[in-house]
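*Asks:* sequence plus the predicted model coming up.
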Amino acid sequence: MKVMGKDVQEDGPCGHSEVLAVLYGLIKTPERTSLHISKNACICPDCHTVISVLSNVEKGLISCRDIRSIHTFSEGKCCCGS
């Protein structure tokens, strides 16, 4: 699978479900709607990058709670600084 132009191993522990959830939310909600996603594992670096880019493109707020923290993405930046 390619994410952001890079090859990503598909058989790893991350099924990239949070990216799929964000994409589904962007398709099914009006523009600039805040999205709130919960995940019962840590967000992988690839998903973190993709969600960051999506928040910049869509100009909306995306929050994603994982087992460690809540990541709030806005205008291409995450509150965690990554």
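*Replies:* Okay, I see it.
*Asks:* which stretches of the chain have low pLDDT?
*Replies:* Scanning the chain for pLDDT under 70 picks out the ranges 1-14.
*Asks:* which of the residues in the longest helix along it are buried?
*Replies:* Determined from DSSP state H, the single longest helix within the chain is helix 45-58. For helix 45-58, the neighbour count (16 or more other C-beta atoms under 10 Å) marks Asp46, Cys47, His48, Thr49, Val50, Ile51, Ser52, Leu54, Ser55, Glu58 as buried. Backbone N, C-alpha and C define where each C-beta goes, glycine included.
*Asks:* who touches the very next helix or strand once past that helix?
*Replies:* Using DSSP states H and E, the helix or strand that follows helix 45-58 in sequence is strand 62-65. Residues external to strand 62-65 that are found in contact with it (C-beta atoms under 8 Å, 6 or more residues apart in numbering): 18, 22, 34-39, 43, 51, 54-55, 70-74.
*Asks:* if we go to 10 Å?
*Replies:* 18-19, 21-22, 25-26, 33-40, 43, 47-48, 51-52, 54-55, 70-74, 78-79 (C-beta atoms under 10 Å, 6 or more residues apart in numbering).
*Asks:* excluding chain neighbours, what is closest to Cys80?
*Replies:* Ranked by C-beta to C-beta, 6 or more residues apart in numbering and with sequence neighbours excluded, the top spatial neighbour of Cys80 is His71, at 5.7 Å.
*Asks:* could I have the host helix or strand of that neighbour exported to CSV, CA atoms only?
*Replies:* Secondary-structure element containing His71, defined by DSSP H and E: strand 70-74. Output of strand 70-74 as CSV, limited to C-alpha atoms (Å, rounded to 0.1, in the frame of the first residue of the first chain):
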residue,chain,number,x,y,z
ILE,A,70,-5.8,12.8,22.3
HIS,A,71,-4.3,14.1,19.1
THR,A,72,-6.0,17.2,17.8
PHE,A,73,-5.2,18.1,14.2
SER,A,74,-5.9,21.5,12.7
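*Asks:* pull out the buried positions in that strand.
*Replies:* Of the residues in strand 70-74, those buried by neighbour count under the rule 16+ other C-beta under 10 Å are His71, Thr72, Phe73, Ser74.
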